[in-house]
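Asker: give me the fold of what follows.
(one chain, ligands or ions: 2)
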Amino acid sequence: MTSPRFPSATILGYPRIGPSRELKRAVESYWAGKIDADELRSAERGLRLASYKRLRELGLTEAASIPESFSLYDQVLDVTVLLGAIPERFAGRTGYDLYFSLARGNDTAPPQEMTKWFDTNYHYLVPEIGPETPIGLADRGVVERFAEAREAGFDVRPTLVGPVTYLALAKAADGAPAEFSPLDRLDDVVDAYAELLGELAAAGAEWVQFDEPALTSDNLPAARSDLIAAAFRAWQQLAAVDPRPNILVTTPYGDASQAIPALTQTGVEAIHAAAGQLAPFAGSGVDFSEVVLVAGVIDGRNIWTADLGRAERSLQALEPLGAAGVSVSTTTSLQHVPYNTEVEKWDDPELDANLHEWLAFADQKVREVVVLAAGLTEGWGTIADEVRRSEDILARRSRSAGVVREDVRDRVAAVDESLRTRVEYAEREPKQRERLGLPPLPTTTIGSFPQTPQIRKTRAAFNRGEIDEAGYLEAIRAEIADVIALQEGLDVDVLVHGEPERNDMVQYFAELLEGFAVTSQGWVQSYGTRCTRPSILWGDVARTKPLTTEWTAYAQSLTDRPVKGMLTGPVTILAWSFVRDDLPIAQVADQVALALRDEIADLQAGGAAIIQVDEPALRERLPLAEEEHEAYLAWAVGSFRLATAVAEPSTQIHTHLCYSEFGQIIDAIDALDADVTSIEAARSRMEILPELAEHGYVRGIGPGVWDIHSPRVPSTEELTELIEAAVAAIPASRVWVNPDCGLKTRAYPETKATLENLVSAAKAVRGRLS
Ligand code: MET
Ligand SMILES: [Zn+2]
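Answerer: Ligands and ions are numbered 1, 2, ... in the order given. Predicted coordinates:
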């Protein structure tokens, strides 16, 4: 076999939302009926071509080096449409109507479920596959986009989710037999992909990329060894298709070591993995002589300027493998980082200068890849200046003020187990019961109340300097007063202040703590048209002023009912930020935990009887490799406990988790040692409860009875049933009644109506208990 040439430099994927979120605006305008389908089509096309042009300018000039990684909404949804694997409730729909119905539902059909993509904060739409689901080559978008690019003068590399990963992420369709697994349909998917390969070859595609991150995860329903065996079979079959383009199979996110030997035997021309996972195969006997190794050396998920010297060494370490070729790439798609640091301006001039050189967003990362590829192909001497420059930046970064603070380091070093330990729950419980005097099945909400357009406008006006601080504080106070009055009127037992002062539950804290920077343009797609701006944790974390006490105290001054203090926990603050790479994560987490600990101490001193510390990201960051679970959960749980163990026995600590399949982390949830835990449960109709009961979880639990992801108002009867299901599984004395999550994305009409029903339902069940 002759070894086909793979471009020396590439990336696995590029952000697609648009540098100024143009895609978001176009799609939302289409939904709102402000632009028509033709206008949306031309907006999409414009964005794709602009990306290719930009990537070429940045140095991806070889044929097939630019990935065609655009998606209008989600890359998994794209494959569902490609395969025509459409659940029956969407029958008869086509085009944009079908695509967006699958994503968002319509009058008659609820959307496909959404869940997190591997260990990232990106959400994909879960395919629903049954024994009868149609699967074939139903859509030619991939081929059309290749032709569109070629017509505009770009030789791109079509990129799509691979067959095994697609099915591994699917769930069994409703009504499928119990023993059915979506992976049973692998042959059908492979047939469709084989046909696609033929069409891409006919269109002139030289390379095509298939992403198979499922092969790096132990957290999927199928065992990793089964996934690797399935991939071996699928890729052997696809490699046998003739004619076809050359195939690159990628294995981003987790550790691909287990999958690599099998992939080398399939006949595909190129394999991508992180360089550090490839190098240990030197001398292993695995034969790489027939494959090109596309080595991930630039981290696709962090935002730090790379150490090019280190990257150079990790590329050199691949030489002994004797591969048919080595190319330079990113570890993952760049869809997880913002576009370009150059458009940022940080408010502190010193930080501004520093961060610009310390940070690499997508465009800067493309440059790093291109530089390294030049070193690899033209000799390392040719990039010596760039390597030195990157090393100088890293040296300056490590010496910069605020990166290391002795006071913070000393305090973390002095932490011992006693600081993470409260007295026994058995001792806390009666004290809290007496102090709070709550009825059985107490009602509460998760924290945020609707963020009305009015609040958003006020915040924007404040940020633009159009209203002064006094005016802003007054507006927020008025909002808090309304929310307190509303909850009292509804007869909710434990109140919240509603979080109107928070734009985002992580950014709010990042703005107030030392060691963080927030961006103004650093948008990253979370799902569909939703984007977040992750904060950047660059230095040692310290709390130099209270974070929330003022709002909580004000809210409490308005009512005799308990108002919960409301904080975001250390794991979630880290998970939804870009975290420094120069300090072990466990220490970073403890720094954040100590800052929160001081806040909890202040809230407590101010009289707060209940403090909630949210950890919705606990499950999301569970490492993909099973052998790393224990270490992760140890620091995650440890940091939560360090923050919260400052609470007196009579102070009730709540936590809130959502979006999660809890099974794998039930021990960890227990180990958090919170007095009350609220969890998402409505969508799964309380499925989690028997599991919790079996586990022997003895503290308070608030299974969400209201799915807040849609504006639907559940009836009192429906809510009553769910509460009854809860008290059937768990002793009533421990059950709390609350929604699944915060209400900030909801509007007031459905919020009022549902809370009214929720309080009535709790009272009805309460009445039956006594
Ligand atoms: C994603 S979890 C959200 C928790 C937060 N306290 C809220 O109510 O919005
Ligand atoms: Zn939540």
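
Asker: what are the bridge partners for V156, then?
Answerer: In this entry, V156 is beta-bridged to I66, by DSSP bridges.

Asker: what's the residue nearest to S69 when sequence neighbours are not counted in contact with, if anything?
Answerer: In this structure, S69 finds its nearest non-sequential neighbour in G13, 3.5 Å apart by C-beta to C-beta, 6 or more residues apart in numbering. To be clear about C-beta, it is placed using only N, CA and C from the backbone, and glycine gets the same treatment. By C-beta atoms under 8 Å, 6 or more residues apart in numbering, the contact set of G13 is 67, 69, 159, 332-335.

Asker: just the closest of the residues you listed to V563, please.
Answerer: Q335 (39.8 Å; C-beta to C-beta).

Asker: K431 reaches P649, doesn't it?
Answerer: Yes: at 4.9 Å, K431 counts as touching P649 under the criterion of C-beta atoms under 8 Å.

Asker: okay, and whatever residue of the chain ends up closest to ligand 1 sits in which element?
Answerer: Nearest residue of the chain to ligand 1, counting by C-beta to the nearest ligand atom: G742, 2.1 Å away. Using DSSP states H and E, G742 falls within no helix or strand.

Asker: not counting sequence-adjacent ones, nearest residue to it?
Answerer: S448 is the one closest to G742 (C-beta to C-beta, 6+ apart), at 3.6 Å.

Asker: same question, E62
Answerer: P7 (3.8 Å).

Asker: how about K744?
Answerer: Going by C-beta to C-beta, 6+ apart, K744 has S448 as its nearest residue, at 3.7 Å.

Asker: which residues does the one you found bridge with?
Answerer: Taking DSSP bridges, one finds G498 as the beta-bridge partners of S448.

Asker: distance check, it against V496.
Answerer: For S448, the distance to V496 equals 8 Å [C-beta to C-beta, to the nearest Å].

Asker: so which of these two has more stuff around it?
Answerer: Each of S448 and V496 has its neighbours counted (other C-beta atoms under 10 Å); V496 has more, 26 against 22.

Asker: re earlier: the residue nearest to K744 and R746 touch, don't they?
Answerer: No: if you go by C-beta under 8 Å, S448 and R746 don't touch, sitting 9.1 Å apart.

Asker: thinking again about what came up before, was I right to think the residue nearest to E62 contacts A63?
Answerer: Yes: shown here, P7 and A63 form a contact pair, counting by C-beta under 8 Å, at 6.8 Å.

Asker: who's more crowded, these two?
Answerer: The neighbour count for P7 versus A63, taken as other C-beta under 10 Å, is higher for P7 (22 against 13).

Asker: on the three-state scheme, the residue nearest the centre of the chain is what?
Answerer: Centroid-nearest residue in the chain, with C-alpha atoms, centre = their mean: N121, separated by 0.5 Å. Following DSSP: H, G, I helix; E, B strand; the rest coil, we place N121 in the coil state.

Asker: do you know how far it is from T133?
Answerer: 29 Å.

Asker: cool, and T745?
Answerer: 31 Å.

Asker: where does the prediction get shaky in this protein?
Answerer: Along the chain, segments meeting pLDDT under 70 span 1-3, 659-660.

Asker: go with 80
Answerer: 1-4, 346-353, 659-663, 683-685, 687, 770 (pLDDT under 80).

Asker: Q652 and V613 touch, don't they?
Answerer: No: the pair Q652 / V613 is not scored as a contact, 11.4 Å apart, by C-beta under 8 Å.

Asker: which residues sit in contact with A50?
Answerer: G18.

Asker: I meant L547, not that one.
Answerer: Residues near L547 by C-beta under 8 Å, 6+ apart: 509, 512-513, 567, 599.

Asker: and those as CSV, adding distance to ligand 2?
Answerer: Converted to CSV, those look like this (distance: C-beta to the ion, whole Å):
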residue, distance to ligand 2
F509, 16
L512, 21
L513, 21
L567, 13
E599, 20
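
Asker: could you list which of those belong to strands?
Answerer: L567 (DSSP state E).

Asker: in helices, which of the contacts of L547 fall?
Answerer: Taking DSSP state H, the ones among the contacts of L547 that sit in helices are 509, 512, 599.

Asker: the stretch 251-400 of the chain: strands as residue ranges?
Answerer: Under the criterion DSSP state E, counting those that start in this stretch, the stretch 251-400 of the chain contains strands at 270-274, 292-298, 325-330.

Asker: and if you look at the stretch 451-600 of the chain?
Answerer: Under DSSP E, counting those that start in this stretch, the stretch 451-600 of the chain gives strands at 514-517, 524-527, 530-532, 535-542, 565-568, 577-579.

Asker: the third one pairs with which strands, parallel or anti?
Answerer: Its sheet considered, strand 530-532 pairs with strand 524-527 (antiparallel) by DSSP bridges.

Asker: list the contacts of the partner strand.
Answerer: Strand 524-527 is contacted from outside by 15-17, 74, 114, 121-124, 335-338, 531-534, using C-beta under 8 Å, 6+ apart.

Asker: repeat for stretch 332-340
Answerer: Here stretch 332-340 makes contact (C-beta under 8 Å, 6+ apart) with 11-16, 19, 67, 69, 120, 122, 211, 252-253, 296, 299-303, 361-366, 519, 521-525, 533, 578.

Asker: with stretch 87-105 instead?
Answerer: 30-31, 37, 40, 72-74, 77, 80-81, 86, 108-112, 125, 128, 133, 173, 528, 710.

Asker: and if we set it to 7 Å?
Answerer: Applying C-beta atoms under 7 Å, 6 or more residues apart in numbering, the external contacts of stretch 87-105 come out as 37, 40, 72-74, 77, 80-81, 86, 109, 111-112, 125, 128, 173, 528.

Asker: okay, and the beta partners of the closest residue to L318 other than its chain neighbours?
Answerer: Excluding the flanking residues, the one nearest L318 by C-beta to C-beta, 6+ apart is V326, at 5.3 Å. Per DSSP bridges, the residues bridged to V326 are L293.

Asker: which residues are in contact with I476?
Answerer: 500-501.

Asker: actually T115, sorry about that
Answerer: 123-124, 126.

Asker: all helices in the stretch 451-600 of the chain, in order from the N-terminus.
Answerer: For the stretch 451-600 of the chain, applying DSSP state H, counting those that start in this stretch gives helices covering 453-463, 469-490, 507-512, 549-557, 570-575, 585-605.

Asker: is the longest one anywhere near ligand 1?
Answerer: No: if you take C-beta under 6 Å from any ligand atom as the test, helix 469-490 misses ligand 1, and the best it gets is 11.9 Å.

Asker: what's the answer for the third one, then?
Answerer: No: Helix 507-512 does not reach ligand 1 (C-beta under 6 Å from any ligand atom); its nearest approach is 10.5 Å.
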